[in-house]
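Student: 3D model of this:
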Amino acid sequence: MTPSLALVIVVFLTVVAAVFAFGAAVVTPSSVLGARLRALGSQQPRQAENKPAIRERIEQALDPISKAIPLSPADVSRTRRWLIQAGFRDAIDVNYYFGARILTAAVGFVAIALTIGFDNPNPALLIGVPALGFLLPRFILKRMIRNRQNRIRLGLPDALDLTVICVEAGLALDQALMRVGQDLHHAHPDLSDEFHFVNLEMRAGKPRAEALRNLVERTGVDDIRSLVGTLIQTDRFGTSVAQALRVHSDSLRTERRQRAEEQAAKTTIKMVPPLVIFVLPSIIFVTIGPAVIELVRQLGPISGGK
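Tutor: This next block holds a predicted model:
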């Protein structure tokens, strides 16, 4: 084992041990250090909640791990917004996310260290594999956000059609959104949950404009943003809500058809690399291979006799 690799391992184990020791001292209810930190931060001890024992232990284990990453409040709020857009609304999910990043990085470091051994270490692999493990949860989170936004985008025109029917039947916009959310619970559960949260916020006393803007922040979908802008302008100027929703629904359906046509047009270009790499060589071997074999058989004796 080279001195540089030994130094890296010692520093890594020291940092992990210090983080776990400090986290255990803070989290333990009978710890003097934890009591002093809560007193300095003017924080009341949290009451015992009716949580499963396994989940409570996981939260206590991941809480000090998540604090090991030096992040600013802006980074934490941005990560929280990403988690909400992916459908994870609980505050403890932030700790789960950062704990997963550190855990995958540690697993990658241990795996590459055990694979390549300690005799001939490769610094690029020792740094690159843990970095890849650290970035893997973020990639998965971004993929989940895109999938959820696509599901919301596909269900929005149907939701607007139902909203137009409810408004024209005499319901107010709040009751129409609640009714549409109930009807779309099985077809489009993500959009139904968002409408349900909008109704909860308006019932809690928030203005309609603020509740709709929070809907945009929770989803991050451009179609939702344009819809919220239309509803806010309609409410401000006193125009017909049903007519505005009908026009917006028609435009969304046109955009959805254009997106489908765009994806269909891209299919031809996306099929070229697989055809060139996998199909074309097979066709060449099947069509030209027998001729080449026969040519070698006919010209082999002639070239050998010469």
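Student: make it CA atoms for all contacts and neighbour counts henceforth
Tutor: OK.
Student: if I look at Arg143, how far off is Leu173?
Tutor: 33 Å (C-alpha to C-alpha, to the nearest Å).
Student: just Phe195 next, same as before
Tutor: From Phe195 across to Leu173, the span is 11 Å (C-alpha to C-alpha).
Student: Kindly report the same for Leu125.
Tutor: Taking C-alpha to C-alpha, one finds Leu125 at 57 Å from Leu173.
Student: follow-up on the earlier one: of Arg143 and Leu173, which one has the most company?
Tutor: Shown here are Arg143 and Leu173; by other C-alpha atoms under 10 Å, Leu173 has more neighbours (17 against 13).
Student: Identify the residue nearest the more buried one in space, chain neighbours excluded?
Tutor: Nearest residue to Leu173, sequence neighbours excluded (C-alpha to C-alpha, 6 or more residues apart in numbering): Val167, at 6.6 Å.
Student: Can you check the distance spanned by stretch 172-191, start to finish?
Tutor: With C-alpha to C-alpha as the measure, what separates the two termini of stretch 172-191 is 19 Å.
Student: contacting residues around that stretch?
Tutor: Contacts to stretch 172-191, defined as C-alpha atoms under 8 Å, 6 or more residues apart in numbering, come from residues 148, 151-152, 155-156, 159, 162-163, 166-167, 192-193, 195-196, 199.
Student: Highest neighbour count among those residues?
Tutor: Counting neighbours by other C-alpha under 10 Å, Thr163 leads the contacts of stretch 172-191 with 27 neighbours.
Student: how near is the residue nearest to that one when sequence neighbours are not counted to Ser249?
Tutor: For Thr163, ignoring the flanking residues on the chain, the nearest one in space by C-alpha to C-alpha, 6+ apart is Ala176 at 5.7 Å. When distance is defined by C-alpha to C-alpha, Ala176 is 15 Å away from Ser249.
Student: and what of Leu184?
Tutor: 16 Å.
Student: Show me the shaky parts of the stretch 201-306 of the chain.
Tutor: Applying pLDDT under 70 to the stretch 201-306 of the chain picks out residues 303-306.
Student: residue ranges for the helices of it, please.
Tutor: 208-219, 222-237, 241-274, 280-305 (DSSP state H, counting those that start in this stretch).
Student: need the ones you listed in TSV with mean neighbour count and distance to Leu13, can you?
Tutor: Shown next, in TSV, are the helices of the stretch 201-306 of the chain (neighbours: other C-alpha atoms under 10 Å; distance: least, C-alpha to C-alpha, whole Å):
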stretch	mean neighbour count	distance to Leu13
helix 208-219	19	39
helix 222-237	16	45
helix 241-274	14	46
helix 280-305	11	51
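Student: In JSON lines: those helices, plus distance to Val180.
Tutor: Converted to JSON lines, these look like this (distance: least, C-alpha to C-alpha, whole Å):
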{"stretch": "helix 208-219", "distance to Val180": "15"}
{"stretch": "helix 222-237", "distance to Val180": "15"}
{"stretch": "helix 241-274", "distance to Val180": "14"}
{"stretch": "helix 280-305", "distance to Val180": "51"}
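Student: Let me know which of those is the nearest to Ala131.
Tutor: helix 208-219 (28.9 Å; C-alpha to C-alpha).
Student: which other helices and strands contact the closest one?
Tutor: helix 73-86, helix 189-203, helix 222-237 (3 or more C-alpha pairs under 8 Å, 6 or more residues apart in numbering; DSSP states H and E).
Student: Now tabulate these in a markdown table and tack on distance to Val129.
Tutor: Shown next, in a markdown table, are the helices and strands packed on helix 208-219 (distance: least, C-alpha to C-alpha, whole Å):
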| stretch | distance to Val129 |
| --- | --- |
| helix 73-86 | 23 |
| helix 189-203 | 35 |
| helix 222-237 | 36 |
